[in-house]
Structure formats: C-alpha cells, structure tokens
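In: based on what follows, work out the 3D shape:
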Amino acid sequence: MPLQQTELGLKYAYGLYYYEAREHLKQRPIDQTHQLDLWVDHAFSSRWHGRVQDSFVVAQEPELLSPGGVFTTGSRVEGNNIVNNALVTLNTEWTQLLNTVLTYNNTYYDYQNSGGSAASPSLAGLLNRDEQNLSLDVQWRLQPETLVFVGAAFGQVNYLGGEPVSPGFMSDNRDSRSEYIYIGGQYAFTENLTVSAKAGGQFTQYYHEPNGNTSSIGPYADISATYTYMPGSYVQLGFTHQRNATDIIAPVGGQLTLDQETSVVYGSLNHQITPELLGSIIARYQNSVFNGGLFNNQTEDYYDLGFNFSYNFNEHWSAEIGYNYDNVSSPAGQSYSRNRGYLGVTATY
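Out: Numbers count the residues shown, from 1 in each chain. All right, here's what the predicted structure looks like:
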C-alpha cells in the first residue's frame with residue numbers, strides 16, 4: 001500500500017509438502033511451512049529515510065531456518081521450528097556526497113525439540129538463541145556509479161535453551177559478543193552489472209565459557225555481483241565469510257564446540273525462456289571450520305544444487321517442477337546425501 005511518504009507491505013506464504021517416501025519412517029509424510037513478512041518504509045524528509053521489516057517463519061528445512069544465509073544445521077529438522085528476523089534501518093543523507101546508514105538486526109530462533117539431557121541434548125538446548133547486531137556505515141558517493149563506505153558493528157548472541165548440553169555445560173556457556181570493523185564499496189560497471197564488496201575483521205569473546213574468557217579473531221566478508229543480461233534474466237555470484245552457531249557440541253578436555261567459521265560460495269542463473277516460462281539453476285558450497293571441542297579446526301562441507309522450471313498460467317496461478325541435490329560431509333557423524341524431485345502449484349493473491 002503506497003502512501004504519500006510511506007509504503008506498507010504484507011506478504012504471507014503457506015507451503016504444503018507431501019513426501020511419497022522418507023528414509024526414516026517416524027518422520028511425518030507432510031511438512032507445512034509458514035512465512036509472514038511485514039514492512040513499513042517511510043521518508044521523514046528528502047534526507048531522512050527509515051525502514052522497519054520483520055519476517056516470521058515456521059519451517060523444517062535449513063533453507064528457511066537460516067535467514068543469515070548460513071546453514072546452522074545441514075539437515076531437515078522435525079517439528080514446528082520458529083525463526084523471527086527483524087531489521088530496522090535509518091538512512092541519512094547529510095550532503096550530496098555523504099550518507100550514514102544505522103542498522104539494527106535481531107534474529108530469534110526457537111526449535112520445538114526440547115527437554116534434552118547432558119547425555120542427549122535437544123536442538124532447543126543447542127540452538128535456541130537470540131542474535132542482535134547494531135552497525136553504522138559512513139558512505140561516500142565518489143561518482144554516480146561508485147560508492148565506498150567504512151563501518152563498525154557490535155553483535156551479541158545469547159543462547160536461551162536453559163538446558164544441559166553436555167556434562168558440566170549449559171546452553172548459555174556459548175554466549176558471545178563480537179565487534180566488527182570493515183570497509184567496502186559498490187560499483188556499477190554498466191546499467192546491467194553491479195558489484196558490491198565488504199571486508200574486515202571480527203573479534204569475538206565467549207564470556208560465559210567455563211574455562212575462562214575465551215576469545216577469537218577472524219576475517220569477515222560479503223561480496224556479490226549481479227548481471228542482468230535481458231529483461232527477467234540475470235546471473236548472480238557471491239561469497240560470504242562469518243562466524244555462526246552450530247548444533248555440534250562435542251566436548252573434550254573440558255572444552256566444547258563454541259561455533260563455526262564459515263565460508264559460502266553461491267551462484268544462481270535465472271532465465272526467462274518465454275514470457276510464461278522461467279528456468280533457474282542455484283548452486284552453493286559451504287565450508288565450516290569447528291571452533292573448539294572434539295572437532296576443533298576440522299571442516300564440515302555442504303553442497304547444494306537445484307534446478308527449477310516455473311510456468312505462469314496467469315497472475316494468480318503457476319506450476320513448477322524441479323530437482324535438488326544436497327550433500328553433507330561432516331566429521332561429527334552427520335554426513336548424508338539427498339535427492340529431491342518435486343512438482344508444485346503456487347497460488348498468489
């Protein structure tokens with residue numbers, strides 16, 4: 001709903017998935033997902049612009065349970081698992097060349113699987129958490145097609161499970177605080193090709209770790225490029241590197257797995273074959289290194305490849321067919337490969 005200085009938005013998506021065969025017979029044959037998005041975009045003046053948005057998800061698949069783009073757990077999670085992601089931004093144009101962007105992001109995770117013990121921890125005990133991040137970017141418009149910026153951010157992760165996750169360890173022993181410093185830029189080579197990059201460092205303190213105030217320093221990066229080669233058709237490539245939570249605890253010698261340091265390479269191709277038919281290919285590779293515990297400095301690899309064709313009968317109805325391949329290779333005993341072929345119908349109102 002566009003108003004004079006404000007835009008209000010609401011989107012709800014319901015998914016119903018029936019699996020003809022599942023390896024584990026105890027799993028339900030039907031999955032249901034819900035995603036509710038809300039946003040308010042407001043121009044206070046010609047130089048002050050704010051946006052508030054929220055996305056509430058109930059799901060089982062890691063693609064929907066990972067709003068940050070990094071899979072915390074590489075496999076499907078049984079139950080009505082909740083993720084809520086809220087984002088508030090304030091963009092201020094101080095001069096024609098100087099802008100600032102103030103951002104607050106909050107992500108809340110609530111897994112249904114709870115009531116674990118030290119010998120058999122639950123996913124709620126391992127992964128229920130609240131992640132907060134506050135950042136400030138100072139941007140300079142060097143040329144109409146060139147933007148550079150420098151920024152700093154503060155992040156905090158609090159685990160909320162309140163359960164034992166291993167003998168002598170509770171959920172909140174993995175709480176952490178992080179400080180980020182980074183530089184970056186955005187450059188439009190042509191009207192069809194845009195590249196953006198952000199790189200810096202992340203310093204993290206695990207202030208509830210039982211063996212002392214453990215800390216870690218690592219790189220931080222977010223790079224992407226988008227090329228639109230014809231209307232409705234584009235190629236996107238990207239790379240990210242950051243710390244993230246993990247469902248692996250694996251204590252050894254009085255130390256536990258605190259988190260992972262993860263690199264993700266991804267790419268997608270969307271091609272408008274005809275006005276009604278859209279084809280897409282999506283590929284990603286995720287490499288995660290465990291921090292602490294039995295698998296310290298060991299890697300977990302996740303591969304994902306998907307093909308999809310979508311046909312629009314009209315503005316309200318479409319059908320799709322596709323295939324996804326997933327492969328996880330993990331030293332923690334969670335390795336698997338999965339093939340999913342699907343047919344689908346989408347109704348839009």
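
In: in the chain, which strand has the most residues?
Out: strand 214-230 (DSSP state E).

In: for it, packing partners?
Out: strand 176-188, strand 193-206, strand 233-244 (3 or more Cβ pairs under 8 Å, 6 or more residues apart in numbering; DSSP states H and E). Just so you know, the C-beta spots here come from the backbone N, C-alpha and C atoms, and that holds for glycine as well.

In: would a markdown table of the ones you listed with mean neighbour count, distance to Phe169 and mean pLDDT be doable?
Out: Shown next, in a markdown table, are these (neighbours: other Cβ atoms under 10 Å; distance: least, Cβ to Cβ, whole Å; pLDDT from 0 to 100):
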| stretch | mean neighbour count | distance to Phe169 | mean pLDDT |
| --- | --- | --- | --- |
| strand 176-188 | 17 | 15 | 96 |
| strand 193-206 | 17 | 12 | 96 |
| strand 233-244 | 18 | 19 | 96 |
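
In: could you redo those strands as a markdown table and give each row distance to Leu38?
Out: Listed next are those as a markdown table, based on distance: least, Cβ to Cβ, whole Å:
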| stretch | distance to Leu38 |
| --- | --- |
| strand 176-188 | 27 |
| strand 193-206 | 26 |
| strand 233-244 | 25 |
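
In: where does pLDDT dip in the stretch 151-300 of the chain?
Out: For the stretch 151-300 of the chain, applying pLDDT under 70 flags the ranges 212.

In: hmm, I typed the wrong one, I wanted the stretch 1-150 of the chain.
Out: For the stretch 1-150 of the chain, the stretches with pLDDT under 70 are 23-26.

In: where do the strands sit along it?
Out: 6-18, 30-43, 48-59, 81-93, 98-110, 129-143, 146-159 (DSSP state E, counting those that start in this stretch).

In: mind listing the strands for the stretch 201-349 of the chain?
Out: 214-230, 233-244, 259-272, 277-291, 299-312, 317-329, 336-347.

In: so what touches the third one?
Out: Around strand 259-272, the neighbours that count as contacts under Cβ atoms under 8 Å, 6 or more residues apart in numbering are 69-70, 174, 176, 204, 218, 230-246, 278-291, 300.

In: one more: the fifth one?
Out: Contacts of strand 299-312 with the rest of the structure, by Cβ under 8 Å, 6+ apart, involve 71, 74, 260, 276-290, 318-332, 334, 346.

In: and what of the second one?
Out: Where contact means Cβ under 8 Å, 6+ apart, the residues beyond strand 233-244 that reach it are 68-70, 72, 178, 202, 204, 216, 218-229, 259-272, 288, 291.

In: how far off strand 129-143 does it point, in degrees?
Out: Angle between the axes of strand 233-244 and strand 129-143 is 130 degrees (criterion: axes from the mean of the first three to the mean of the last three Cα atoms, to 10 degrees).

In: partners of strand 233-244, with directions?
Out: Strand pairing for strand 233-244, using DSSP bridges, gives strand 214-230 (antiparallel), strand 259-272 (antiparallel).

In: could I get the first one in PDB with only the CA atoms?
Out: In this case it means strand 214-230. Extracted in PDB, the C-alpha atoms of strand 214-230 (Å, rounded to 0.1, in the frame of the first residue of the first chain):
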ATOM      1  CA  THR A 214      37.900 -17.300  25.600                       C
ATOM      2  CA  SER A 215      38.200 -15.000  22.500                       C
ATOM      3  CA  SER A 216      38.800 -15.400  18.800                       C
ATOM      4  CA  ILE A 217      39.800 -13.200  15.900                       C
ATOM      5  CA  GLY A 218      38.800 -13.900  12.300                       C
ATOM      6  CA  PRO A 219      38.000 -12.300   8.900                       C
ATOM      7  CA  TYR A 220      34.600 -11.100   7.800                       C
ATOM      8  CA  ALA A 221      33.500 -10.700   4.200                       C
ATOM      9  CA  ASP A 222      30.400 -10.300   2.000                       C
ATOM     10  CA  ILE A 223      30.900 -10.000  -1.800                       C
ATOM     11  CA  SER A 224      28.300 -10.200  -4.600                       C
ATOM     12  CA  ALA A 225      27.900  -9.400  -8.300                       C
ATOM     13  CA  THR A 226      24.700  -9.300 -10.300                       C
ATOM     14  CA  TYR A 227      24.500  -9.200 -14.100                       C
ATOM     15  CA  THR A 228      21.100  -8.700 -15.900                       C
ATOM     16  CA  TYR A 229      21.600  -9.800 -19.500                       C
ATOM     17  CA  MET A 230      18.000  -9.400 -20.600                       C
END
